[in-house]
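Asker: Using only what follows, build the 3D model:
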Amino acid sequence: MSHSPPPPPRPSLSKYEVQSQVTTDLPPFIVKRDNGEGKDLEFEFPKSSPRFSPVTLRVVINQYLGTPHPSRAHATKIFNVLGRLRCLQYALRRYNNGLVEHTPDFLEYWRRHTLHLLSGFGINSAHAHGAVHIAGLDDLIMQIEDIFQTDIRENASTFQTRCSCEGFVSGWRNPVRFWVTDAFFSERLNAFGSSSKDFHVTLETVAAVGDHFSVATFTEVFSGWVGTQPRALSDLTYQPIVDTERDNLLIRAEKAVRFGAGGAKYLAYAPSTFIIHPTRTQNKSTMSQSTHSSISLSGGRIMIDIARSASLGYHPCQGVDAATLAIIQLSSRYRQWMSNNDRSGSVDDDSIYLWDDVRDELLITCWPALVGFSFSVKARGHVIVDGLSEINFQNKAFDQLALSYEWKQLIRAIVPCGTSPDVQAQDLISTKQGGLIFLLHGPPGVGKTLTAEAVAELLHRPLYYVTMGELGVTPDDLETRLSDILAICAEWDALAVLDEADVFLETRRTSDLVRNAMVCVMLRMLEYHPGILFLTTNRVRSLDPAFESRITLSIRYEALDYDARQQIWKNQIDGHSRVDFQTINYGELANTQLNGRQIKNVVRLAMSLAMDQNIMVTQKVLLETVQVTALGLENMKADKTWENFAQEM
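Answerer: Reported below is the predicted structural model:
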């Protein structure tokens, strides 16, 4: 025996109700029992003019059934839109209750939401000042539920009686919770001439847009199953809520609001939680290097900056599913709202939901991802909120630098206060920003880049590591890309490191106009950068003399002496649980002349070897690894393959 599709979930009613009797000239509906009983009943909706309500039940049924003049409708037809009637009933009760209590939920959501529903019946929000009642709506719902109580009872296990559900969007493993605001069935004739039903459900999710939160709305349509084998409900994209998941979803939503509100935030993300988005611009800034979507398998650090990311066309989602498209459309509406606001100075707040915070009722429906820029992969994308956390800064890294105490004291004093207006000298040209530029020069592996990293950890600021390959090979590319990078660093209060800066700072020559132009661009960019910039090079003598006056502090790094090597060995080994410290002799390890980067590689190789053999890292293991590394370096220096090849040519 076949049954009609079950009705959508019935929302729970508020404990507060505004009771008001609306009197009309004619009853809102009449049950016609001439043609049958039960599901064969027919309802007649007389045309009447309400005395106190701006909308009649006839208008509602007309709108929901999509018929021109529905003076009559069968019970089965009304049963198909029972979900819509329930949603309307629930919204009206929340609206009328809010008029009495003026709760934040009413002022920020239910007033606008209900008036939007009523606008479909021709009601102007400007004319809706008091409580709104639709005569006969409650009675009609009770009649339909009574007629189809068997169908509703048999399918009670299919749909839970609540106003929310969860779905899996864009291939995420984590569920997303949505708020159901409308649901109904529609009938259509298929290719074989028989009738089939589709289920329509309108869902909402709260997403961060710019410096606010707003609501993204979309509709999903599920066609009736016509296959020969039954399908499980688990095959559907959307599933009923499991009560045991509510607490976890709420914790995630609270984190999304905490990290998404209040402007840009510098955070850490776990492995496999950052999704890289394709580059949106071409031949412009390389702030996002990826050309296709992919998941970053490693963890890193990210700047959550929703406003700037949205202005560049990046969103906290990706794909072509309905939820993703709704959020992208919402972001476009927000940008339009901001543009109109900038031009006129004030815009009707009812044009879009805008909240600085999310109320408890809708909190659990927050979108579980935020958009930002990853400093680890130098790309924009969205990050799963579950993977975000506060950064555990390595505050002791600066003290472990192989620098003299005097240099450390000078850097520690200059960096926190050097960009403050109170300590800057007055410049004749007010547009010069007065940033700090450090030139770190010396042989490879002595701690130049590590100094910049340690300063960033000390200040709890981001560090943008710029390689010369990012900046292009023409003056136009250099100016555009470096300008974008430095502007971002200034806005985020981030430190910038230009590694191997001598590539663009080399002394100008009259015979190379392109290089001269690029040097001029670098000179001007450094002059006006307001932030902190580190330049590293191992060819300081090749720098153009014009850069000397632009350097705030120049630090020369000597080749590591015995004491420095011993300290680096200690820094690299301490803290590892697989090391047998009773056998370690740092002095013996420091006898071999290796730079800091080579020492780090030796420790990494020794750790890998110990893990592979399931042994502890001992002095013997380290010395054997040092010997292999040193032999490899000697072989590199002794390799004359290229010279011999050149002689043969």
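Asker: what comes up buried for stretch 374-386?
Answerer: Across stretch 374-386, burial judged by 16 or more other C-beta atoms under 10 Å covers 374-375, 377-386. Bear in mind the C-beta positions are built from the backbone N, C-alpha and C, glycine included.
Asker: And stretch 567-587, by the same measure?
Answerer: The neighbour-count check on stretch 567-587 (16+ other C-beta under 10 Å) flags 567-569, 571-573, 579, 584, 586 as buried.
Asker: Which helix or strand contains the residue nearest to His113 when sequence neighbours are not counted?
Answerer: Excluding its sequence neighbours, the residue lying closest to His113 (C-beta to C-beta, 6 or more residues apart in numbering) is Ala91, at 6.3 Å. Taking DSSP states H and E as the definition, Ala91 sits inside helix 82-101.
Asker: Can you name the next helix or strand after that helix?
Answerer: The C-terminal neighbour of helix 82-101 among helices and strands, as given by DSSP H and E, is helix 104-105.
Asker: From the contact counts, what lies against that next one?
Answerer: Judged by 3 or more C-beta pairs under 8 Å, 6 or more residues apart in numbering; DSSP states H and E, helix 104-105 is in contact with no other helix or strand.
Asker: who touches that helix?
Answerer: Residues outside helix 104-105 that contact it (C-beta atoms under 8 Å, 6 or more residues apart in numbering): 94, 98, 359, 361.
Asker: how about 6 Å then?
Answerer: 359, 361 (C-beta atoms under 6 Å, 6 or more residues apart in numbering).
Asker: which element follows that helix toward the C-terminus?
Answerer: helix 111-119.
Asker: give the contact list for the residue lying closest to Pro462 once chain neighbours are set aside.
Answerer: Computed as C-beta to C-beta, 6+ apart, the closest residue to Pro462 that is not its neighbour in sequence is Ala494, at 3.8 Å. Ala494 makes contacts with 461-462, 464, as judged by C-beta under 6 Å, 6+ apart.
Asker: What's the local residue count around Ala73?
Answerer: Applying other C-beta atoms under 10 Å, we find 21 residues neighbouring Ala73.
Asker: cool, and Val628?
Answerer: Residues lying near Val628 (other C-beta under 10 Å) number 13.
Asker: Contacts made by the one helix or strand it maps to with the rest, please.
Answerer: Element membership of Val628, judged by DSSP H and E, is helix 619-638. Outside helix 619-638, the residues that touch it by C-beta under 6 Å, 6+ apart are 583-585, 592, 602, 605-606.
Asker: quick one: average pLDDT of that helix?
Answerer: The pLDDT scores in helix 619-638 average 88.
Asker: Export only the CA atoms of it, formatted as CSV.
Answerer: Presented in CSV, the C-alpha positions along helix 619-638 are these (Å, rounded to 0.1, in the frame of the first residue of the first chain):
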residue,chain,number,x,y,z
GLN,A,619,76.4,10.7,20.3
LYS,A,620,77.6,7.9,18.1
VAL,A,621,74.6,8.3,15.7
LEU,A,622,75.1,12.1,15.5
LEU,A,623,78.9,11.8,14.8
GLU,A,624,78.3,9.2,12.1
THR,A,625,75.7,11.5,10.5
VAL,A,626,78.1,14.5,10.8
GLN,A,627,80.8,12.4,9.1
VAL,A,628,78.5,11.5,6.2
THR,A,629,77.4,15.1,5.8
ALA,A,630,80.9,16.5,6.0
LEU,A,631,82.1,14.0,3.4
GLY,A,632,79.3,15.0,1.1
LEU,A,633,80.3,18.6,1.4
GLU,A,634,83.9,17.8,0.6
ASN,A,635,82.9,15.8,-2.5
MET,A,636,80.8,18.7,-3.7
LYS,A,637,83.8,21.0,-3.5
ALA,A,638,86.1,18.5,-5.1
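Asker: Out of the contacts of Ala494, list just those in strands.
Answerer: Of the positions in those, Tyr464 sit in strands, assigned by DSSP state E.
Asker: Leaving out sequence neighbours, find the closest residue to Leu526.
Answerer: Closest to Leu526 by C-beta to C-beta, 6+ apart is Arg550, at 5.0 Å.
Asker: meant to ask about Gln143, not that
Answerer: Computed as C-beta to C-beta, 6+ apart, the closest residue to Gln143 that is not its neighbour in sequence is Val31, at 7.1 Å.
Asker: helices and strands around the host helix or strand of that neighbour, which ones?
Answerer: Taking DSSP H and E as the definition, Val31 sits inside strand 30-32. In this structure, strand 30-32 makes packing contacts with strand 42-44, judged by 3 or more C-beta pairs under 6 Å, 6 or more residues apart in numbering; DSSP states H and E.
Asker: Direction included, what does the strand it packs on pair up with?
Answerer: According to DSSP bridges, strand 42-44 has the following sheet partners: strand 30-32 (antiparallel), strand 72-74 (antiparallel).
Asker: Run through the bridge partners of Leu388.
Answerer: Assessed by DSSP bridges, Leu388 has beta-bridge partners Tyr269.
Asker: What confidence value was assigned to it?
Answerer: Leu388 carries a pLDDT value of 96.
Asker: quick one: it and Thr467, what's the gap?
Answerer: Leu388 is 27 Å from Thr467, where distance means C-beta to C-beta, to the nearest Å.
Asker: Report how many residues lie close to Glu500.
Answerer: Look at Glu500: counted by other C-beta under 10 Å, it has 16 neighbours.
Asker: that older thread, so which of Leu388 and Thr467 has more stuff around it?
Answerer: A direct count of neighbours by other C-beta under 10 Å for Leu388 and Thr467 places Leu388 higher, at 25 against 12.
Asker: pretty sure the more buried one is touching Leu267, no?
Answerer: Yes - using C-beta atoms under 6 Å, Leu388 is in contact with Leu267, at 5.1 Å.
Asker: pLDDT below threshold where in the stretch 151-300 of the chain?
Answerer: Low-confidence segments of the stretch 151-300 of the chain, defined by pLDDT under 70, span residues 155-174, 190-193, 225-231, 233-234, 280-293.
Asker: could you pull out the strands for it?
Answerer: Secondary structure of the stretch 151-300 of the chain (DSSP state E, counting those that start in this stretch): strands at 164-167, 176-189, 195-209, 212-223, 238-240, 265-269, 274-276, 294-296, 300-304.
Asker: Tell me how far stretch 214-222 lies from the chain's centre.
Answerer: 19 Å (C-alpha atoms, centre = their mean, to the nearest Å).
Asker: got a list of contacts for that stretch?
Answerer: Outside stretch 214-222, the residues that touch it by C-beta under 6 Å, 6+ apart are 198-202, 204-207, 322-323, 326-327, 330, 353-354.
Asker: just the CA coordinates of that stretch, formatted as CSV?
Answerer: The C-alpha coordinates for stretch 214-222 follow below in CSV (Å, rounded to 0.1, in the frame of the first residue of the first chain):
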residue,chain,number,x,y,z
SER,A,214,24.7,37.7,7.6
VAL,A,215,22.2,35.0,6.4
ALA,A,216,22.7,33.0,3.2
THR,A,217,19.5,31.5,1.9
PHE,A,218,19.1,28.8,-0.7
THR,A,219,16.6,26.1,-1.9
GLU,A,220,17.2,22.5,-2.6
VAL,A,221,14.8,20.3,-4.6
PHE,A,222,14.7,16.5,-4.2
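Asker: Could you give the secondary structure assignment for the spatially most central residue of the chain?
Answerer: With distances taken as C-alpha atoms, centre = their mean, Leu370 lies nearest the centre of the chain, 1.5 Å away. Local secondary structure at Leu370 is given as strand here, using DSSP: H, G, I helix; E, B strand; the rest coil.
Asker: With mean neighbour count and distance to Ser511 added, can I get the strands of the stretch 151-300 of the chain in TSV?
Answerer: Formatted as TSV, those follow (neighbours: other C-beta atoms under 10 Å; distance: least, C-beta to C-beta, whole Å):
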stretch	mean neighbour count	distance to Ser511
strand 164-167	20	65
strand 176-189	19	61
strand 195-209	20	53
strand 212-223	18	56
strand 238-240	16	68
strand 265-269	19	45
strand 274-276	24	42
strand 294-296	16	44
strand 300-304	22	42
